[in-house]
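Student: here's a sequence, model it:
(one chain, ligands or ions: 2)
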Amino acid sequence: MSSVQTLVVKIGTSSLTGTSPGQFALSTLAGLVETLCTLRQQGHQVVLVSSGAVGIGCRRLNLAERPKTLAMKQAVAAVGQGRLMRIYDDLFSALNQPIAQVLLTRSDLAQRSRYVNSYRTFRQLLAMGIIPIVNENDTVAVEELKFGDNDTLSALVASLIGAQWLFLLTDVDRLYSADPRSNPEAQPIIAIDRLADIQALKAVAGGQGSAWGTGGMLTKLEAAQIATTAGVRTVITDGRQPQNVIKAIAGEPIGTQFAPSPRPSRARKRWIAAGLAPAGRLYLDQGATQAILQGGKSLLAAGITRLEGDFEAQDAVLVCAASGEDIARGIINYSAPDLSQILGRRSEDIPAILGYAGADTVIHRDNLVIATDAEAEDGSDL
Ligand SMILES: Nc1ncnc2c1ncn2[C@@H]1O[C@H](COP(=O)(O)OP(=O)(O)O)[C@@H](O)[C@H]1O
Ligand SMILES: N[C@@H](CCC(=O)OP(=O)(O)O)C(=O)O
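Tutor: Residues are numbered from 1 along each chain as shown. Ligands and ions are numbered 1, 2, ... in the order given. Modelled structure (predicted):
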C-alpha cells in the first residue's frame, strides 16, 4: 500500500452536536479539524462527509423536535447547511486549510456521465490540497432518489474516488454484539474479515426485537458492505476521539475494522457496484448461482426462479442465491413485467413468449458484478 492514502471520514449528527440537541460539540469539531489538517500535512488526501444540516437547522430555528414533513425537513436543512459550513470554514481557516462544499444527490451517481464528472471534481479538489466537505443535497433530493443516510453516502463517495479508508465516526467506540446503551453485557467486535459476516450481522439487525435495533448501526453495516466490496477498509470508531483516525492508519486496532475485498479494477464495474441504486432483486437456482460465481457466465432467464421490484430494462438489480444471500449486482436487459413472463424459460423461447426478439441474456456478464470481483486491470481509472 502506498504511504499516501485517500481517506473519507464521516461524522454523524450524534457526534457533532453535544448533549443539548442541535448544539455544536465544539471540542469534538475542533479535534476533528485538527486531525484532518494533520493528515493533510502528512500528505494524505481527505474527504469529510458531515451530517448535521437538519439538527443544526432545528436549533437555529428553535424547533423543539425534528421536522416530520419532507418540505419542512428540506427547509430546515437549507438553514442548517449554511451554518454548518460557516463553523467548518472558521475552524479550518484557523489552520489555513482550504475547504469546499459538495452537495450530492443519488442521481449524481446513478447516471454514468454525472458519476464521471463528480469523480473528476473530487480528484481536482484533492489535487489542489482542498478538503471537500460532503453532505446530501437534502433541500432538493426527492424521496425516491435519496441516499437516505450519510453512512451510505460516505461509502459511495469512498468507492467513487477509490479511497483506501472509510471512517464512520459515531458516539460509540465500536460495534458491539448488541446495543451497548441497553445491554451492559454487549461484547465489542474488533474485526470483521469476511463480507458474509457483515451480511449475517445485517440479517440480525433487520430482525424483529433485534439487539441491533437502531437504524444507526444497520446503516453503518450497509455502508461497510458497500465500501469493502469496492476495496475500501472501513472503520467504525468514536467521533469524540478523532485522533483515532491517525492511529488506525498507522496500524493500531482502533474501533471495529472491516477488511476490504479486492477492488474491482474495471471502472465500469465499480460504477455498477456502487453508483446505481438497485430497483429490484432476482433469486437464482443453484445451477445459475454456480454458473455466475464459478463460471463467470452471463445470467439467463432459465436460472431465475423469482423476482421482486418494479424495475425497467437497464435498471440495476441485486442478484441473490436461493437462500437470499446477495451474490451480485447487474444491469438488467428486461423490465419486471417482461421478465416475469420468461422466468425459468430457455433463451430460444423468449421471442415467441414476448413477441419480440429480446436480449439472449437477462444480465450480460459485462454488466454483472460479483461481490468478490477482482479482475484484470483495464488500465483506465474510470
Ligand atoms: N450493536 C451495536 N453496537 C454499537 N452501537 C449500537 C449497536 N446497536 C445500536 N447502537 C447504537 O447506535 C448509535 C449510533 O448510531 P447513530 O446515533 O445513528 O449515529 P450517527 O449519528 O453517528 O450516524 C449508538 O449510540 C448506539 O447506541
Ligand atoms: N443529510 C442529513 C444527515 C442524515 C444522516 O445520515 O444523519 P446521521 O445518521 O446523523 O449521520 C443532515 O445533514 O442532517
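Student: what does the stretch 101-250 of the chain have sitting close to ligand 2?
Tutor: Those residues of the stretch 101-250 of the chain that sit near ligand 2, judged by C-beta under 6 Å from any ligand atom, are 135, 136, 138, 149, 150. (Each C-beta comes from the backbone N, C-alpha and C, glycine too.)
Student: repeat the analysis, applying 8 Å as the threshold.
Tutor: Proximity of the stretch 101-250 of the chain to ligand 2, by C-beta under 8 Å from any ligand atom, involves residues 135, 136, 138, 148, 149, 150, 151, 153, 215, 216, 219.
Student: and the strands in the protein?
Tutor: For the chain, the strands defined by DSSP state E occupy 6-11, 45-50, 99-104, 131-136, 165-170, 191-192, 233-238, 256-258, 280-284, 304-309, 316-320, 326-331, 368-370.
Student: quick one: those as CSV, columns for distance to ligand 1 and mean neighbour count too.
Tutor: CSV is the format used below for these (distance: least, C-beta to the nearest ligand atom, whole Å; neighbours: other C-beta atoms under 10 Å):
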stretch, distance to ligand 1, mean neighbour count
strand 6-11, 7, 25
strand 45-50, 11, 26
strand 99-104, 17, 18
strand 131-136, 13, 22
strand 165-170, 3, 27
strand 191-192, 12, 16
strand 233-238, 8, 24
strand 256-258, 8, 25
strand 280-284, 26, 20
strand 304-309, 27, 16
strand 316-320, 24, 22
strand 326-331, 21, 22
strand 368-370, 27, 25
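Student: rewinding a little: going by neighbour count, which of the residues of the stretch 101-250 of the chain next to ligand 2 comes out on top?
Tutor: Of all those, residue 151 has the most neighbours under the rule other C-beta atoms under 10 Å, reaching 30 neighbours.
Student: and the pLDDT for that residue?
Tutor: At residue 151, the predicted lDDT confidence score is 93.
Student: I'd like the distance between it and residue 314.
Tutor: Residue 151 is 28 Å from residue 314, where distance means C-beta to C-beta, to the nearest Å.
Student: rebuild the strands of the chain as TSV, extending it with mean pLDDT.
Tutor: Output for these, formatted as TSV (pLDDT from 0 to 100):
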stretch	mean pLDDT
strand 6-11	97
strand 45-50	98
strand 99-104	97
strand 131-136	97
strand 165-170	96
strand 191-192	94
strand 233-238	97
strand 256-258	97
strand 280-284	96
strand 304-309	96
strand 316-320	93
strand 326-331	90
strand 368-370	88
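Student: turn those into JSON lines, including distance to residue 22.
Tutor: Shown next, in JSON lines, are the strands of the chain (distance: least, C-beta to C-beta, whole Å):
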{"stretch": "strand 6-11", "distance to residue 22": "15"}
{"stretch": "strand 45-50", "distance to residue 22": "14"}
{"stretch": "strand 99-104", "distance to residue 22": "20"}
{"stretch": "strand 131-136", "distance to residue 22": "16"}
{"stretch": "strand 165-170", "distance to residue 22": "17"}
{"stretch": "strand 191-192", "distance to residue 22": "33"}
{"stretch": "strand 233-238", "distance to residue 22": "21"}
{"stretch": "strand 256-258", "distance to residue 22": "28"}
{"stretch": "strand 280-284", "distance to residue 22": "38"}
{"stretch": "strand 304-309", "distance to residue 22": "37"}
{"stretch": "strand 316-320", "distance to residue 22": "36"}
{"stretch": "strand 326-331", "distance to residue 22": "37"}
{"stretch": "strand 368-370", "distance to residue 22": "40"}
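Student: quick one: which of those strands is nearest residue 93?
Tutor: strand 99-104 (8.4 Å; C-beta to C-beta).
Student: which other residues reach that closest one?
Tutor: Residues from elsewhere that reach strand 99-104, judged by C-beta atoms under 8 Å, 6 or more residues apart in numbering: 48, 81, 85, 88-89, 92, 118, 121-122, 125, 130-137, 147, 153, 157.
Student: also stretch 281-295?
Tutor: 297, 299-300, 302-309, 317-322, 324, 327-328, 332, 339, 362, 368, 370.
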